[in-house]
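Novice: Structure, please.
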Amino acid sequence: MSRTRNPATRAAVATLGLAAACWFPAVRQVNEMGSVSRLGSFVFFGGMWLSMMAAMMLPGAVPAVAGRARVSGRLRAVPVFVLTYLGIWALVGLAIYPLYRPPSSFGVGAVTIAAGVYELTPVKQHFRRRCLERGRSGLEFGMCCVGSSIGLMAVLVVLGLMSVGWMVVITAVVLAQKLVPPWAAIDVPVALAIVGLGILIILAPSSVPGLMTPM
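Specialist: Numbers count the residues shown, from 1 in each chain. Presented below is the predicted three-dimensional model:
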């Protein structure tokens with residue numbers, strides 16, 4: 001007996017499978033960076049960034065991908081949605097590469113504090129709510145998700161771009177925010193924890209695991 005699953009279910013399974021598969025090259029490339037505080041060549045960084053974004057961002061996009069497949073009634077809409085969504089994150093990486101300089105511990109702390117404050121702004125809350133809406137195009141969903149997660153991704157870039165541990169932590173926060181509506185009882189403590197982490201980085205950088213500073 002065979003039973004064909006509906007397009008939304010197949011889209012969700014395929015998206016999760018792609019995300020899981022991308023963790024392997026992402027972790028391998030992050031580990032290859034080792035203790036180096038530079039991003040490497042553009043080709044290397046581009047490959048690492050794309051695999052990281054697919055691994056980190058696609059799990060939270062599953063409801064949107066499934067919704068797109070359900071609305072269209074066909075799986076053919078899914079690859080376009082996913083590629084467009086990842087394309088938006090690729091543009092973010094394209095902007096990061098020429099601008100990136102290994103920050104001092106004070107710089108890392110300042111960016112982390114700013115990211116924590118951003119979590120509490122109306123702009124962040126607006127984009128986060130938009131991310132929870134279904135039936136959008138990959139372009140629109142991607143832009144809303146960049147607006148929602150840009151602070152957390154800034155923390156990843158300055159604090160743990162070469163750290164699998166920080167990559168996992170930030171993935172978990174991004175995923176939770178993609179699946180759960182804004183809720184002050186959780187959001188405020190999370191934002192304060194990020195601000196506290198920034199202060200700790202400034203005051204005692206050696207106590208923060210995975211922190212990379214210029215050599």
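Novice: what about Phe127, which SS state?
Specialist: helix (DSSP: H, G, I helix; E, B strand; the rest coil).
Novice: what's the helix or strand for Gln29?
Specialist: In the assignment (DSSP states H and E), Gln29 maps to helix 7-33.
Novice: what mean pLDDT would you report for stretch 105-122?
Specialist: For stretch 105-122, mean pLDDT rounds to 95.
Novice: what does the model give Trp166 for pLDDT?
Specialist: 88.
Novice: export the host helix or strand of it as CSV, just CAs?
Specialist: Trp166 is part of helix 164-179, with elements assigned from DSSP H and E. Extracted in CSV, the C-alpha atoms of helix 164-179 (Å, rounded to 0.1, in the frame of the first residue of the first chain):
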residue,chain,number,x,y,z
VAL,A,164,30.0,25.6,16.4
GLY,A,165,28.8,26.1,20.0
TRP,A,166,27.6,29.6,19.4
MET,A,167,26.2,28.6,16.0
VAL,A,168,24.0,26.0,17.8
VAL,A,169,22.9,28.5,20.5
ILE,A,170,21.9,31.2,18.0
THR,A,171,20.2,28.7,15.8
ALA,A,172,18.1,27.6,18.8
VAL,A,173,17.1,31.2,19.6
VAL,A,174,16.3,32.0,15.9
LEU,A,175,14.3,28.8,15.5
ALA,A,176,12.2,29.5,18.7
GLN,A,177,11.5,33.1,17.5
LYS,A,178,10.4,31.8,14.1
LEU,A,179,7.9,29.4,15.7
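Novice: Flag every buried residue along it.
Specialist: Trp166, Met167, Val169, Ile170, Thr171, Val173, Val174, Leu175, Gln177, Lys178 (16 or more other Cβ atoms under 10 Å). Every residue, glycine included, has its C-beta placed from N, CA and C.
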